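*Asks:* I would like the atomic coordinates for the input below:
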Amino acid sequence: MPYCPKCDMEFVEGITVCSDCGGPLVESEEAYKKMKKEEDAEKAASLENLRAAEASLEEETGKSAAPHEDPLAPMGKKSVVHPGVYIDAAQRYDDMKSSASAFYLVGAGFTVFSAVCWMGLISLPLLVRIVITVIGLGSLAVGFKTTQSAKKLAPEISAEKERTQSIIQWFTDTYTGKDLDSRISAEHSDLSEEERSLKRYELIQDYLVTNHDLPDPAYVDALAEEIYGKLFEA
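*Replies:* Here you go, the predicted model:
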């Protein structure tokens, strides 16, 4: 069955796009796991080759090949700048509800039309009637599954809002815009306004990643943007 690796959902045959996130579906969950395993193996092999090359370089030069790190990264962590748009739980819930409504509408239309065909009121070839019936019932099934997913997501909305406000409140209570600018000025004395803005943004990200368990880079970006606005644009 078609499978969405991002949402961990399976769909009926014939569906090619996930109704929740809009991403393309893969052939099946088994096929995705196999592909992921192969990718992980390739990454592990590449990492091993890189380590071997670094070890060889260290033997030749007598110096350790260290990665270049952002001097502003606190507590040894690298600056984390990830492009992407974060979609919060409330927006995902609304998107799921809209998708479910669309599938219900399409499914109901096709199902009613197929019933009329099976009753002999409209004459269509047998194969066409079967296809129309499958599309109708399949759409209704996807709509029902999407509705169930939305119900499971609903409790996360308030929890996510509370966590977001808690993190933002912690940051603004702990750091001020002057604190960040002082840290940046200590490392970089001659920056344009655009470069300074970028360093502020990166530093906010670094502090967030260092002090909180935030595995989603897009969520970090969203938090950093809101904190930046409170500290420097309020």
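
*Asks:* residue contacts, residue 161?
*Replies:* 88, 90 (CB atoms under 8 Å, 6 or more residues apart in numbering). Quick note: C-beta positions are derived from backbone N, CA and C, even for glycine.

*Asks:* mind checking the SS state of the nearest residue to residue 216 once chain neighbours are set aside?
*Replies:* Nearest non-adjacent residue to residue 216, counting by CB to CB, 6 or more residues apart in numbering: residue 86, 7.1 Å away. What DSSP: H, G, I helix; E, B strand; the rest coil gives for residue 86 is coil.

*Asks:* For residue 182, see how far away residue 86 is.
*Replies:* 29 Å (CB to CB, to the nearest Å).

*Asks:* again with residue 210
*Replies:* Per CB to CB, residue 210 is found 18 Å from residue 182.

*Asks:* picking up where we left off before, burial of the residue nearest to residue 216, as a residue count?
*Replies:* Residues lying near residue 86 (other CB atoms under 10 Å) number 15.

*Asks:* Please verify my assumption that residue 113 contacts residue 132.
*Replies:* Yes. Contact status for residue 113 versus residue 132: in contact at 6.1 Å, counting by CB atoms under 8 Å.

*Asks:* More neighbours: which of these two?
*Replies:* Counted by other CB under 10 Å, residue 113 and residue 132 do not tie: residue 132 has more neighbours, with 20 against 17.

*Asks:* Tell me which helix or strand the closest residue to that one other than its chain neighbours sits in.
*Replies:* Residue nearest to residue 132 in three dimensions, not counting chain neighbours: residue 114, with 4.4 Å by CB to CB, 6+ apart. Assigned by DSSP states H and E, residue 114 belongs to helix 89-118.

*Asks:* chain center to that helix, what's the gap?
*Replies:* Offset of helix 89-118 from its chain centre (CA atoms, centre = their mean, to the nearest Å): 25 Å.

*Asks:* Repeat that for stretch 146-155.
*Replies:* 18 Å.

*Asks:* Give me the residues contacting that stretch.
*Replies:* In contact with stretch 146-155 (CB under 8 Å, 6+ apart) are residues 7, 9, 19-20, 89, 92-93, 96-97, 99-100, 103.

*Asks:* That one: which residues count as buried?
*Replies:* 146-147, 149-150, 153 (16 or more other CB atoms under 10 Å).

*Asks:* So for stretch 178-188, mean pLDDT?
*Replies:* Regarding stretch 178-188, the rounded mean pLDDT is 88.

*Asks:* Looking at the buried residues of stretch 146-155, which one is closest to residue 164?
*Replies:* residue 153 (15.8 Å; CB to CB).

*Asks:* Can you give me the domain boundaries for this protein?
*Replies:* 1-64, 85-155, 175-234 (automatic domain parsing).

*Asks:* Nearest to residue 163 among these would be which one?
*Replies:* Going by CB to CB, the one of the domains of the chain nearest residue 163 is domain 175-234, 9.2 Å.

*Asks:* pull the CA atoms of stretch 202-211 into CSV?
*Replies:* C-alpha atoms of stretch 202-211 as CSV (Å, rounded to 0.1, in the frame of the first residue of the first chain):
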residue,chain,number,x,y,z
GLU,A,202,22.4,32.1,14.8
LEU,A,203,23.2,32.8,18.4
ILE,A,204,19.6,32.6,19.5
GLN,A,205,19.4,29.2,17.7
ASP,A,206,22.6,28.0,19.4
TYR,A,207,21.2,28.9,22.9
LEU,A,208,17.9,27.2,22.1
VAL,A,209,19.6,24.0,21.0
THR,A,210,22.1,24.0,23.8
ASN,A,211,19.5,24.5,26.6
